[in-house]
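S.K.: Just to be clear, the model below is a prediction. Sequence and coordinates:
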Amino acid sequence: NIRDITERKRMQTALSDANHQLANHAAELERVVGERTIQLQKTIAELEGFSYSVSHDMRAPLRSMQSFAQLLMEEYSGNLDAQGVNYLDRIIRSAARLDRLIQDVLSYTRILNVKLPIEVIDLDRLVRDIAETFRNGQPIQPEIQIQGTLPEVEGNEALLGQCISNLLSNAVKFVSPGTVPHVEVTAEAVEG
């Protein structure tokens, strides 16, 4: 009983060739992905450096503007009408807001390059401290109520504090003019 295995051999050879081509193609893709990943990492590092440099360089002229606006307010506000004082006050507040944004960019750039310590944080104490200091200096005193005792959490206290401060700031900021902001802070356990 003689069988012609020519067709089977041809298919095995074709399959072997296809597997070889697939392996070569996969290796080439892996090499290209590796190269592009390195290029992307270099580009990200350059952008981070540029962001840090620009942000850092912007602070000097901004501080100068803040100082001159503050001097104008302190020494010449008596020579300005109410509208002029209002404009000057807006300049001072806007400059302070821009300075905070620049500091956030600088902080973000530093954070990208540093391993942050993770620790157990008394969230209740942290939120209550931020809420107390947050109320100071607000034109309309916000009502911030903390429901119950907030739990301990794991995280980086500085970043968590910044996050809570930003959330409170946004909650107070985005209300109708003349409305007393009312903010409730609660915590709930979520599985995982």
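M.R.: Yes, it's here.

S.K.: show me where this protein has helices.
M.R.: With helices called from DSSP state H, the chain shows them at 6-76, 82-112, 123-135, 157-173.

S.K.: Looking at the ones you listed, which is nearest to I144?
M.R.: Minimum separation from I144 across these (Cβ to Cβ) falls at helix 123-135, 4.4 Å. Using the backbone N, CA and C atoms, a C-beta is placed for each residue, glycine as well.

S.K.: Any idea how far that closest one is from the middle of the chain?
M.R.: 21 Å (Cα atoms, centre = their mean, to the nearest Å).

S.K.: tell me which residues in that helix are buried?
M.R.: For helix 123-135, burial by neighbour count (16 or more other Cβ atoms under 10 Å) applies to L123, D124, L126, V127, R128, I130, A131, F134.

S.K.: now R110: how far from Q147?
M.R.: 34 Å (Cβ to Cβ, to the nearest Å).

S.K.: again but with L106, I slipped
M.R.: Distance of L106 to Q147, computed by Cβ to Cβ: 34 Å.

S.K.: who's more crowded, the two?
M.R.: Between L106 and Q147, L106 has the larger neighbour count (other Cβ atoms under 10 Å), namely 16 against 9.

S.K.: Identify the residue nearest the more buried one in space, chain neighbours excluded?
M.R.: In space, L106 comes closest to S55 once its chain neighbours are excluded; the distance is 5.1 Å by Cβ to Cβ, 6 or more residues apart in numbering.

S.K.: Could you do S51 as well?
M.R.: Nearest one to S51, counting by Cβ to Cβ, 6+ apart, is T109 at 5.6 Å.

S.K.: same thing with P117?
M.R.: P117 sits nearest to N156 (Cβ to Cβ, 6+ apart), 6.3 Å away.

S.K.: just checking, the one you found touches V120?
M.R.: No - N156 is beyond contact range of V120, at 11.4 Å (criterion: Cβ atoms under 8 Å).

S.K.: the more surrounded of these two?
M.R.: N156 (15 against 10).

S.K.: if I look at the more buried one, how far off is K115?
M.R.: From N156 over to K115 the distance is 10 Å, taken as Cβ to Cβ.

S.K.: Return the helix or strand in the protein with minimum mean pLDDT.
M.R.: helix 82-112 (a mean of 82; mean pLDDT, DSSP states H and E).

S.K.: Now do that one: which elements does it pack against?
M.R.: On a contact count with 3 or more Cβ pairs under 8 Å, 6 or more residues apart in numbering; DSSP states H and E, helix 82-112 meets helix 6-76, helix 157-173.

S.K.: Counting by contacts, list what the shortest one packs against.
M.R.: What it means is helix 157-173. helix 82-112, strand 119-122, helix 123-135, strand 182-185.

S.K.: Would you mind pulling the contact partners of the second one?
M.R.: Put plainly, it is strand 119-122. By Cβ atoms under 8 Å, 6 or more residues apart in numbering, the residues outside strand 119-122 that reach it are E152, V153, E154, G155, N156, E157, L160.
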